[in-house]
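Asks: the sequence and its predicted three-dimensional model are supplied below.
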Amino acid sequence: MKSLNTLWMILANELAGTCHTSATVDVKIVNSRVENEGDSFLTITLPNFAKDFERSLELGKVDSGAFAGFKRKRGPLPLFLGGFLRQVFDTEGLLLDVPSIDCIFAIRQLCYVFGKIERPTSEGRTNRAIGGYVETDRMVGAHASNISEESREEFRRMAALLYRDVFTEMDELVYNGDIVGHHGPGATADKLVGNNKWQQSDWTARLDRAGISYGDHVLPNWRYYDQLDHVTIREPEDELPVKVITVPKTLKTPRIIAIEPVCMQFVQQALLRPLVELLEKDSLVGAFSTEQGISSSLLGFTDQDPNRELAREGSETNNLATLDLSEASDRVSIQHVEDLLSLWPHFLEAVMACRSTKAEVPGWGVIPLSKFASMGSALCFPFEAMTFLTCVMLGLQDAACSTFTRRDIMSVRAHVRVYGDDIIVPADSVYHVISRLESFGFKVNSGKSFWNGKFRESCGGDYYDGEWVTPIRFRQDIPASRDDARQVISLVSFRNQLYYAGLWKTTAILDELIKSKSLLGHFPLVEDTSPLLGRHSFLPYQAEKTSRQTHSPLVKGWVVRSIIPPSPLDGWGALRKVLSPGRETPFEDPRHLERQGRPDAVGMKLRWMTPY
């Protein structure tokens, strides 16, 4: 198996058998199109085919503009995947009363299987994505000035209803200096990595003026005041900009993120932790139990299951809509956040002080930012979620034709959920919600938002009429040898997901590939809790030998190991790290003062380990 279209053919034939049809014509079309168009047919064209399919499910029919670029023989249905499509739509293109769930899953699986494969995007597509980033920021600034004062006042009132208890406590924490900075594992704009971050020597005057001083928050204590002689306090015009970069996402477009300076990241983390904790336990927007006994909340930060459960419910009952926003984080403006925190001056000042005001963009130089924060800022995700939830509640208020109180919010919260840009709202209020979101400058992605038919998707959970139809994604290229460790790990994960989906013929062929000497060779049956790269199965594992020390069963297989880069730390920086306020548990790695940061390599080692 050396090519993606070979894997596609194997998968198509198995799914065709499940759906009582033939994939012979489909395989010929794919082979021909890949030969002429390359892998972009599998990674870009087929996902677009799936989007047209989902839109047809939403409309209840196949319209004339759907499936462009695919031949039709008679009627609106294309020849490609025709055997599957005819079990979902009739010959006139109308949705069947009882469409085949297996065929809906099969179509989406075959179209999306390679849609998220991580490969570098072409230079042209990358440049367009970066140009879109800059243009979106310009539009954000222009739109913010057009929002009426009346709308802004409504936004401020609703934000106060939703978050007053949380923001009041955050305001007190900032005022009392009780926030604690932390360093994340990622890159920084000033190129400090690993343990070097604990000896940062850059700070900003804006942070000082907000009462967040270097001496109070970076030094272990004031006995080390002499270190202040080595600190650069930057005025706003001299601050380091965030560094905008692209990382692989899909062949269609890269993901754009912004790398923050270390001092900004440090303070963002100081605000992030208490903010999320307070939101999650808040009596209004935090955790509660539904009538079905399911734990949910209006805002989600770590648990996506409530979104999936609501999406499943919406697909079955049609009472809930799933909305998705385009360029979500890049459309939250400074003005949105200022209005959100207008009654809490200390918290607002701290948030703005750790916000980067300019960005270094490839091909554009350094530009001022109108957006609040790009993806990469620790505060980007919570503030976009809080902003979206405020707009959603304004839309529900419009639908109810009344001014909401906290009691009204309590009455609808079992039917509302915001996790980043994945939004779930009552279907009968969806147009009011969309209107409010768009009036505040956000863009609803019509291709990924659903409320009419029985298809819903949210947070990686896709459903049709209550049934799971989520495709399994192939994330990396097919490995050529064991040295391609990341690709081998991804292939094993893909194999195991296919097994649990019941695609056992494809799984068996992948097993032979993975067992080959060029890849793993040893590929034992293991439980999903085992540290070994192995085959998950409903069958019990088979021990190959017994440990002499513990008498536990052992099997031979490969263990993934990540190589943490060297990053020695001593002096006051080491003291600051070890005595970080709020640390209650020991460091996982006893050598954390010697090595730190994200792994610079991933490898595998053959070992005898327990299969469970």
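Replies: Looks like it came in fine. Numbering: from 1, shown residues only.
Asks: list the buried residues in the helix or strand where V433 lies.
Replies: If you go by DSSP states H and E, V433 is part of helix 430-439. For helix 430-439, the neighbour count (16 or more other CB atoms under 10 Å) marks 430, 432-434, 436-437, 439 as buried. The C-beta positions use only the backbone N, C-alpha and C, and glycine is treated the same way.
Asks: could I get these as a markdown table with distance to Y163 and pLDDT?
Replies: Output for the buried residues of helix 430-439, formatted as a markdown table (distance: CB to CB, whole Å; pLDDT from 0 to 100):
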| residue | distance to Y163 | pLDDT |
| --- | --- | --- |
| V430 | 24 | 97 |
| H432 | 21 | 98 |
| V433 | 19 | 98 |
| I434 | 23 | 98 |
| R436 | 17 | 97 |
| L437 | 18 | 97 |
| S439 | 20 | 96 |
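Asks: tell me which two of these sit farthest apart.
Replies: Across these, no pair lies farther apart than V430 and S439, at 14.8 Å, counting by CB to CB.
Asks: rewinding a little: how far off centre is the helix holding V433?
Replies: The chain centre lies 23 Å from the centre of helix 430-439; the measure is CA atoms, centre = their mean, to the nearest Å.
Asks: ok, now which ones touch the residue located most distally from the centre of the chain?
Replies: Most distant from the centre of the chain: R548, at 44.6 Å, with distances by CA atoms, centre = their mean. Contacts for R548 (CB atoms under 8 Å, 6 or more residues apart in numbering) come out as none.
Asks: distance of it from R598?
Replies: Distance, R548 to R598, by CB to CB, to the nearest Å: 37 Å.
Asks: buried residues in stretch 86-93?
Replies: By 16+ other CB under 10 Å, the buried positions in stretch 86-93 come out as 86-90, 93.
Asks: and it, what's its mean pLDDT?
Replies: Across stretch 86-93, pLDDT averages out at 96.
Asks: next: stretch 285-303.
Replies: Taken as a whole, stretch 285-303 has an average pLDDT of 86.
Asks: what helices or strands is the strand ranked longest in the chain leaning on?
Replies: In the chain, with assignment by DSSP state E, the single longest strand is strand 553-563. Applying 3 or more CB pairs under 8 Å, 6 or more residues apart in numbering; DSSP states H and E, one finds that strand 553-563 makes contact with strand 532-533, strand 545-546, strand 601-609.
Asks: among those strands, which is the most enclosed?
Replies: Highest mean neighbour count of the helices and strands packed on strand 553-563: strand 532-533, a mean of 24 (counted as mean count of other CB atoms under 10 Å).
Asks: run the chain-centre distance for that strand.
Replies: Offset of strand 532-533 from its chain centre (CA atoms, centre = their mean): 26 Å.
Asks: so what are the sheet partners of that strand and their directions?
Replies: strand 553-563 (antiparallel) (DSSP bridges).
Asks: ok, residues contacting the strand it pairs with?
Replies: 485, 489, 520, 522-526, 531-534, 541-547, 599-612.
Asks: thinking W344 is in contact with F167, fair?
Replies: Yes: using CB atoms under 8 Å, W344 makes contact with F167 at a distance of 4.5 Å.
Asks: domain parsing of the chain, as residue ranges.
Replies: The chain breaks down by automatic domain parsing into domains covering 4-115, 127-464, 485-609.
Asks: want to throw the ones you listed into JSON lines with distance to I472?
Replies: Converted to JSON lines, the domains of the chain look like this (distance: least, CB to CB, whole Å):
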{"stretch": "domain 4-115", "distance to I472": "7"}
{"stretch": "domain 127-464", "distance to I472": "11"}
{"stretch": "domain 485-609", "distance to I472": "5"}
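Asks: show me the shaky parts of this structure.
Replies: Scanning the chain for pLDDT under 70 picks out the ranges 1, 582-586.
Asks: now the helices for the stretch 151-300 of the chain?
Replies: Assigned by DSSP state H, counting those that start in this stretch, the helices in the stretch 151-300 of the chain fall at 205-209, 214-217, 262-281.
Asks: tell me which residues in the shortest one are buried?
Replies: The neighbour-count check on helix 214-217 (16+ other CB under 10 Å) flags 214, 217 as buried.
Asks: and stretch 478-493, by the same measure?
Replies: So for stretch 478-493, counting by 16+ other CB under 10 Å, buried means 478-479, 482, 484-493.
Asks: inside helices: which ones of those?
Replies: 485-493 (DSSP state H).
Asks: among the buried residues of stretch 86-93, which two are most distant?
Replies: Using CB to CB, the two most remote members of the buried residues of stretch 86-93 are Q87 and G93, lying 13.5 Å apart.
Asks: my guess is A187 contacts V193, does it?
Replies: Yes: A187 is in contact with V193 according to CB under 8 Å; the separation is 6.6 Å.
Asks: hmm, back to that, need the next SSE after the helix holding V433, C-terminal direction.
Replies: Note on helix 430-439: by DSSP H and E, the next helix or strand toward the C-terminus is strand 443-444.
Asks: which other residues reach that following strand?
Replies: Contacts with strand 443-444, where a contact means CB under 8 Å, 6+ apart, come from 323-327, 331, 434, 437-438.
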